[in-house]
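Undergrad: need a 3D model of the sequence below.
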Amino acid sequence: MIDLPLVIGHRGAAGIAPENTLAGFRAAAAAGAGWVEFDVRLTADGVPVVIHDADLARVAGVPARISRLTLNRLCAIPVAGAPVPTLADSLDCCTALRLGANVELKYCGMRSRALVRAAAAVLGEYEGRLPLLVSSFRPAMLAGMRRHAPAIPRGLLLGGRPRRDWRRLAARLGCISLHPAAESLNASAVATFAAAGLPLVAYTVNDPARAAALFALGVAAVITDRPDRMAGIVGRR
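TA: Okay, the predicted model is just below:
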């Protein structure tokens with residue numbers, strides 16, 4: 001098992017700083033988050049980088065796809081005034097800030113296997129230096145992580161309507177946590193998930209009252225854009 005914090009910053013601290021940036025990780029740490037969650041994709045030359053979308057249209061106003069840009073070309077396009085960080089950059093930052101890292105692997109079509117291999121190689125260099133957890137909606141990507149980096153814990157991401165075979169998948173993939181959408185959770189759903197014996201990490205929870213209610217039901221951790229709003233709840237627990 002893994003020692004999960006109560007509060008994990010979503011894409012760093014996306015409600016108070018630019019998402020998936022080193023500045024966002026620093027903001028999350030300052031706000032009291034124990035970990036940060038961030039997304040990883042693969043550049044054209046095979047470097048894992050931290051960005052949510054498949055292209056730069058939303059975050060930089062440039063309709064260029066990550067998969068078609070080399071790292072050098074990607075870094076020449078600033079996002080929130082800074083280059084898109086690599087996975088290694090982000091893990092270095094987390095290590096310095098004493099943050100754990102929930103690394104979400106994004107589906108990249110035919111390049112998903114290459115992303116898994118590249119991410120596993122980088123993550124392996126940080127094993128033991130900081131708490132690590134890899135999550136994905138895609139079972140095949142978690143299976144790949146189990147093959148290439150079996151010692152790094154895995155968590156299964158579930159959507160607003162969890163797939164029916166989640167229990168079988170979590171067991172087959174050796175997952176140590178379940179990550180359901182907060183909107184899908186009530187007392188009955190939490191009890192059903194909890195029966196599998198795995199801690200629940202609920203996303204994305206920005207209302208402190210909702211977070212408190214989820215903790216009362218038995219949720220282990222919340223992923224939030226606003227870790228600064230959760231300080232009071234953490235103090236009470």
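Undergrad: show the pLDDT at the residue nearest to Thr43 when sequence neighbours are not counted.
TA: Excluding the flanking residues, the one nearest Thr43 by C-beta to C-beta, 6 or more residues apart in numbering is Leu71, at 4.9 Å. Bear in mind the C-beta positions are built from the backbone N, C-alpha and C, glycine included. Turning to Leu71, the model gives it a pLDDT of 98.
Undergrad: the chain: helices as residue ranges?
TA: For the chain, the helices defined by DSSP state H occupy 22-31, 57-60, 71-75, 87-97, 112-126, 139-148, 166-172, 187-194, 208-217, 231-236.
Undergrad: out of those, deepest packed?
TA: Stretch with highest mean neighbour count among those: helix 22-31 (a mean of 22; mean count of other C-beta atoms under 10 Å).
Undergrad: wait, Val59 sits on Ala80?
TA: Yes: proximity of Val59 to Ala80 meets the contact threshold set by C-beta atoms under 8 Å, at 7.4 Å.
Undergrad: that older thread, correct me, but the residue nearest to Thr43 touches Asp45?
TA: Yes: contact criterion C-beta under 8 Å: Leu71 and Asp45 qualify, at 5.9 Å.
Undergrad: center of the protein, which residue is that?
TA: Glu37 (3.4 Å; C-alpha atoms, centre = their mean).
Undergrad: who's in contact with that residue?
TA: Ile8, Gly9, His10, Arg11, Ala101, Asn102, Val103, Glu104, Ser135, Tyr203, Ile223 (C-beta atoms under 8 Å, 6 or more residues apart in numbering).
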